[in-house]
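> With the sequence up front, the predicted model follows.
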Amino acid sequence: MFKLQIRTASDAPQTRELDPGIYKLGRSIWSDIRIKSSHLLKHHMTLAIQEDGFKLIALGELEVNGRPAQSLMTPESGTHCRVGDVELTFLHSYKTAEELLDEEDDRIQARQTTTSESTPSAPAAPYRPETPAMSPTPQDIEETRVWTATKKALQKAILEKMDLYKRGIIDGLNDEDLRAEATDTAQSILAGQQIDVPPHLNKRRLIQETVAESIGLGPLEPLLADSSVSEIMVNGPNQIYIERNGKIERSTTRFTGDSSLLSVIERIVSPLGRRIDEGSPMVDARLKDGSRVNAIIPPLSLIGPVVTIRKFSTEKYNLDRLVDFGSLNPEMARFLEICVRHRKNIVVCGGTGSGKTTFLNALSDCIPNYERIVTIEDAAELQLAQEHVISLESRPANVEKTGEVTIRDLVKNSLRMRPDRIIVGECRGAEALDMLQAMNTGHEGSMTTAHSNSPRDLLSRLEVMVLMSGMDLPVRVIREQIASAVDIIVHQSRFSDGRRRVTSIVEVDGMEEDVVLMQKLFEFRQSSIGEDGRLHGEFKSLGIAPRFYTELQEAGVELDRSIFMSTSKETSTC
């Protein structure tokens, strides 16, 4: 039996007995339950009652036991809700889904205890070390099949039951409330035994994973919450790999199928106004926390939907932190800080996953706070600590193949925004020409990253990227632009032990005939490999100060040349 007690300041208390159904509450004469109060909207809330529970959705203000709320699902009997001078009290014989689930857990625990007491204990099995490459047993395969089938059944039941509350009721819920709604619904389904669930399954984990896969990011959620995971690679619904501490390992989690993985991809890209389907099977996007996402689906992918997520680091790195990690030594960090503060143009280069963006973030921390900075990226990853920062992000073409805004368009536009410095997340095409021109025309101190295998290889790549702009320029002219624009090249590498290190810092020293001259200032020299697989080496200065040191000293700037006379062995154990 369900009863609703209504008290107002002007009318006598009333009690309504309600059968299962959907009721509108408000001050309108068309409301199913009319409450005469100026504090209520004409249609203030909706009450959906079912055989095993009920749901209240507020369209206006609502307090539950003194706290603001937007929804309420099968609370304890006697719960009070208030809107202005109106007080609602729910009286019912329902048990909450949480209470029913707890009772079932208690019954299972008692049954297991009784079984263990009546069965003589077996002798302890001999110890066998775990082997990570061990093939799954038939029992493991069967447990996985049962788990996946149960998740599919629960997911279907959740969607069907939530639809009974009318889609219009829950359309206005935010992500947090929608997740709470789905969790309560799942608890209610399991507590009411509306689907067959094997008794040995962990029901709370089942609810958590099913709700995440139904309205969230599924198995990706715990991996995204794990701060030790830096990258997530989904190769179809059954294979998820992660990068932890620079090493790739396989995760035990999986999706229930291709459709579930596709739904997660759509939930990622839809809020950004992007789409993914057979007509547009590739997409770049980012999560709410800034993590970068790339997805590709059939027919281009032959193994099902593939998702790659480069996680957004919540920790702010600076050069001192990177010194602690052993990515470079204090003298190199001091030199790079001088380069940034004295407005030298810097290019950070390296291979994929070598930490270029992280290092660019650390360099940007040295920029004075009073300067106006414009950042340009495909997917916003930079976290600048300065106040005067304008962040720009490129945009792909829409369904009609129009509206595309490229990095090059943003670089051109940024020149009209009176920047002191321009920071491009990555140069990978024609924008390199505009970036070089900006560095040569009053925007000293600008920075960018690019892919390359060495500092010399970077110069070749810059030439190719400039030619991609369609400008028919002689190679000598391009090299003169590069030699004039770029002051310092920082090359990073990811080593076999998973650690990322600055392998060389190079000064671009003009041209001689058709060759761009470069002078190496610092380098990392590997010396040995430990028994644990960790590489050992030393950061070494070549004892040569850059040419701009002389120019700055002639201008009256005192600089410390002792940083070019030291060698430090790598001692960090991070």
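Received it, and whenever you're ready, just let me know what you need. Because the structure is a prediction, the values reported are computed rather than measured.
> Okay, buried residues for stretch 292-310 please.
292-293, 295, 297, 304-307, 309-310 (16 or more other Cβ atoms under 10 Å). For glycine as for every other residue, the C-beta is placed from the backbone atoms N, C-alpha and C.
> quick check: mean pLDDT across that stretch?
For stretch 292-310, mean pLDDT rounds to 91.
> I'd like the distance from it to the chain centre, please.
Distance of stretch 292-310 from its chain centroid, counting by Cα atoms, centre = their mean, to the nearest Å, is 16 Å.
> Pull the residues that contact that stretch.
Residues outside stretch 292-310 that contact it (Cβ atoms under 8 Å, 6 or more residues apart in numbering) are 220, 224, 230-237, 258, 261-262, 264-265, 268-269, 276-278, 281-287, 291, 312, 379, 381.
> just the buried members of the residues you listed?
Neighbour counting over these (16+ other Cβ under 10 Å) leaves 220, 224, 230-237, 261-262, 264-265, 268-269, 276, 283, 285-287, 291, 312, 379, 381 as the buried ones.
> Of the residues you listed, which belong to helices?
Within the buried ones among the contacts of stretch 292-310, residues falling in helices by DSSP state H are 220, 224, 261-262, 264-265, 268-269.
> And the helices in the stretch 351-500 of the chain, which stretches?
Counting by DSSP state H, counting those that start in this stretch, the stretch 351-500 of the chain has helices at residues 356-364, 407-414, 431-440, 455-467, 475-485.
> returning to that earlier point: kindly reformat the ones in helices among the buried ones among the contacts of stretch 292-310 as CSV containing pLDDT.
Below are those laid out as CSV (pLDDT from 0 to 100):
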residue, pLDDT
L220, 86
L224, 85
L261, 87
L262, 88
V264, 85
I265, 88
I268, 83
V269, 83
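> And those, which two are furthest apart?
Distance extremes for these: the farthest pair is L224 and L262 at 18.5 Å, using Cβ to Cβ.
> Flag the shaky bits of this structure, pLDDT-wise.
For the chain, the stretches with pLDDT under 70 are 1, 95-136, 162-177, 314, 399, 566-574.
> Can you work out which other helices and strands pack against the longest strand along it?
Identified as the longest strand of the chain according to DSSP state E is strand 515-529. The contact analysis (3 or more Cβ pairs under 8 Å, 6 or more residues apart in numbering; DSSP states H and E) places strand 515-529 against helix 330-341, helix 455-467, helix 475-485, strand 500-512, strand 535-541.
> still on that earlier bit, among the buried residues of stretch 292-310, name the ones in strands.
With DSSP E as the criterion, strands contain 292-293, 295, 306-307, 309-310 from among the buried residues of stretch 292-310.
> Kindly reformat the helices of the stretch 351-500 of the chain as a markdown table and extend each row with mean neighbour count and distance to R343.
Below are the helices of the stretch 351-500 of the chain laid out as a markdown table (neighbours: other Cβ atoms under 10 Å; distance: least, Cβ to Cβ, whole Å):
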| stretch | mean neighbour count | distance to R343 |
| --- | --- | --- |
| helix 356-364 | 23 | 12 |
| helix 407-414 | 20 | 17 |
| helix 431-440 | 24 | 10 |
| helix 455-467 | 19 | 20 |
| helix 475-485 | 17 | 13 |
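> can you put those in CSV and add distance to I141?
Converted to CSV, the helices of the stretch 351-500 of the chain look like this (distance: least, Cβ to Cβ, whole Å):
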stretch, distance to I141
helix 356-364, 40
helix 407-414, 47
helix 431-440, 50
helix 455-467, 47
helix 475-485, 57
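> For S446, which of the ones you listed is the nearest?
Of the helices of the stretch 351-500 of the chain, nearest to S446 by Cβ to Cβ is helix 431-440, at 5.2 Å.
> now the helices for the stretch 1-150 of the chain?
Per DSSP H, counting those that start in this stretch, the stretch 1-150 of the chain carries helices over the ranges 97-118, 138-164.
> Show me which positions of the longest one end up buried.
This points to helix 138-164. Buried residues in helix 138-164, counting neighbours by 16+ other Cβ under 10 Å, are found at 147-148, 150-155, 157-158, 161-162.
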